[in-house]
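**Student:** Got a predicted model here, sequence first, then my questions.
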Amino acid sequence: MRSINEIPIQVLSPDEMLTGQAEAVLTEVADLLERLLATGEEGSIDLRSLPLSPADRDWLDAKLGRGEVEISLEAGGRSTLYETAYSGVWKVVHRDTEERVVSEFIELAYVPAIVRPAGADIENAYEKLQSDLKQIS
């Protein structure tokens with residue numbers, strides 16, 4: 001019989017432990033993706049508001065994977081957006097000018113909201129293009 005001192009024990013720090021929260025997030029992603037597909041309604045999950053450990057974040061990132069589209073924006077800090085391996089599921093991270101993460105979302109959308117131009121911007125672009133075309137003629 002082994003003594004208790006011979007039993008191998010591995011001690012994990014809280015940062016290395018999965019809490020189960022990431023699985024819940026993944027289930028919510030599936031529900032929101034179903035709603036996007038059925039109704040066109042977009043949704044998002046604020047990852048910074050959830051009690052996710054670093055291990056949870058790594059697990060979630062691994063499960064979602066990376067797709068083909070990545071976008072980087074500079075506006076009061078750097079924002080990175082990438083489509084995960086699941087079309088319509090986007091990882092969106094906003095950083096301040098010091099490169100600190102200030103917000104982190106999973107966004108369920110055909111195109112992330114921050115990338116879509118406002119109607120007024122499209123109208124201005126149309127008017128400018130019309131003006132430019134008149135100058136060419």
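**Tutor:** Thanks, I have the structure now.
**Student:** ok, the most centrally placed residue in the chain - contacts?
**Tutor:** In the chain, the centroid-proximal residue (Cα atoms, centre = their mean) is residue 91; its distance is 1.6 Å. Applying Cβ atoms under 8 Å, 6 or more residues apart in numbering to residue 91 gives the contacts 61, 64, 81-82, 84, 104-107. Bear in mind the C-beta positions are built from the backbone N, C-alpha and C, glycine included.
**Student:** do that again at 10 Å, thanks
**Tutor:** 47, 60-61, 64, 66-67, 70, 80-84, 104-107, 112 (Cβ atoms under 10 Å, 6 or more residues apart in numbering).
**Student:** so where's this structure shaky on pLDDT?
**Tutor:** Filtered on pLDDT under 70, the chain yields the residue ranges 1-2, 9-16.
**Student:** coming back round to it: looking at the contacts of residue 91, which are in strands?
**Tutor:** Per DSSP state E, strands hold the following members of the contacts of residue 91: 70, 80-83, 104-107.
**Student:** now those: which count as buried?
**Tutor:** Buried members of the ones in strands among the contacts of residue 91, scored by 16 or more other Cβ atoms under 10 Å, are 81-83, 104-107.
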